[in-house]
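In: Provide a 3D model corresponding to the input given below.
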Amino acid sequence: MPYKPTLSLEKSLHTIPASVAVQVLRDASPPDDKEDLAEGTVSQTGSMEGDLSALLTQAIVADFSATAVFRSIRTQEAHPDLILSGTIHRFYGQATIPSWLLIPGLGWAANALVSPAQTWQGEVDLEMTLATPAGRVLGAYRGRVAYQEIAGHDSRYWSMPLYPAHVRLNRAFTEAVGQIREQIVRDRELLLASLQR
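Out: Coordinates of the predicted model:
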């Protein structure tokens, strides 16, 4: 099951009245993050249908637009007030699944005898910058979340063994971007003052 990065932030309490153009995030993450590290381990970012930089940028633009962080935010903005750019330092999820669980029918039969588990580990480390169109940096923001846990299956486990792990990585993505959004909102007055110049 391919992994798709998505965000689920709540609506922003304070909208910054600025139009923002978003540049595609630069991927500086280690190449190993996209590879299966061992037998039975699946790299979630290795199974994505598309480029990591483009998919994360799309998810952030869609969520910031839906939650009203700025008056408007787009990848194509003709005359923006601010430019949002950033770097992906780490973005990975590894799910270790017992290999026998992926054999059709066997997973269901095993449920009657034992409760199989997955091991999940991952990290999201993003850095974003807001600047004027002339290039003057107004603020740099960073969000980082790492996790490592053992999780049992739920009712979706049989048909989609990686689904709960994908949800867990998206929760880390949401938490990291939420940290960045909080920092941006704290800088609201500074950002507004820069628009008056």
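In: for residue 175, what are its contacts?
Out: Residues in contact with residue 175 (Cβ atoms under 8 Å, 6 or more residues apart in numbering) are 124, 143, 145. To be clear about C-beta, it is placed using only N, CA and C from the backbone, and glycine gets the same treatment.
In: does the second one have any beta-bridge partners, and if so which?
Out: Yep, that's residue 143 we're talking about. residue 126 (DSSP bridges).
In: now do the contacts for it.
Out: Residue 143 touches 124, 125, 126, 175, 176, 177, 178, 179, 180, 183, counting by Cβ under 8 Å, 6+ apart.
In: do you know how far it is from residue 7?
Out: For residue 143, the distance to residue 7 (Cβ to Cβ, to the nearest Å) stands at 11 Å.
In: circling back: which of the contacts of residue 175 lies closest to residue 58?
Out: Checking the contacts of residue 175 against residue 58 with Cβ to Cβ, the nearest one is residue 124 at 15.8 Å.
In: wait, a helix at that closest one?
Out: No: counting by DSSP: H, G, I helix; E, B strand; the rest coil, one finds residue 124 to be strand, located in no helix.
In: contacting residues for it?
Out: Residue 124 neighbours (Cβ under 8 Å, 6+ apart): 90, 91, 143, 144, 145, 146, 169, 172, 173, 175, 176.
In: of these, which count as buried by neighbour count?
Out: 90, 91, 143, 144, 145, 169, 172, 173, 175, 176 (16 or more other Cβ atoms under 10 Å).
In: number of residues surrounding the closest residue to the fourth one other than its chain neighbours?
Out: For residue 144, the nearest residue in space outside its immediate sequence neighbours is residue 125; the separation is 4.4 Å by Cβ to Cβ, 6 or more residues apart in numbering. Close neighbours of residue 125, defined as other Cβ atoms under 10 Å, add up to 19.
In: and the helices in the chain?
Out: Using DSSP state H, the helices found in the chain span residues 52-66, 106-111, 163-186, 188-195.
In: how many neighbours does residue 89 have?
Out: Residue 89: 17 neighbours (other Cβ under 10 Å).
In: got the contact list for it?
Out: 28, 29, 125, 126, 127, 144 are the contacts of residue 89 under Cβ under 8 Å, 6+ apart.
In: the fourth one and residue 180 touch, don't they?
Out: Yes: with contacts defined as Cβ atoms under 8 Å, residue 126 counts as touching residue 180 at a distance of 6.5 Å.
In: so what's in contact with the two at the same time?
Out: Going by Cβ under 8 Å, 6+ apart, residues that sit against residue 126 and also against residue 180 are 142, 143.
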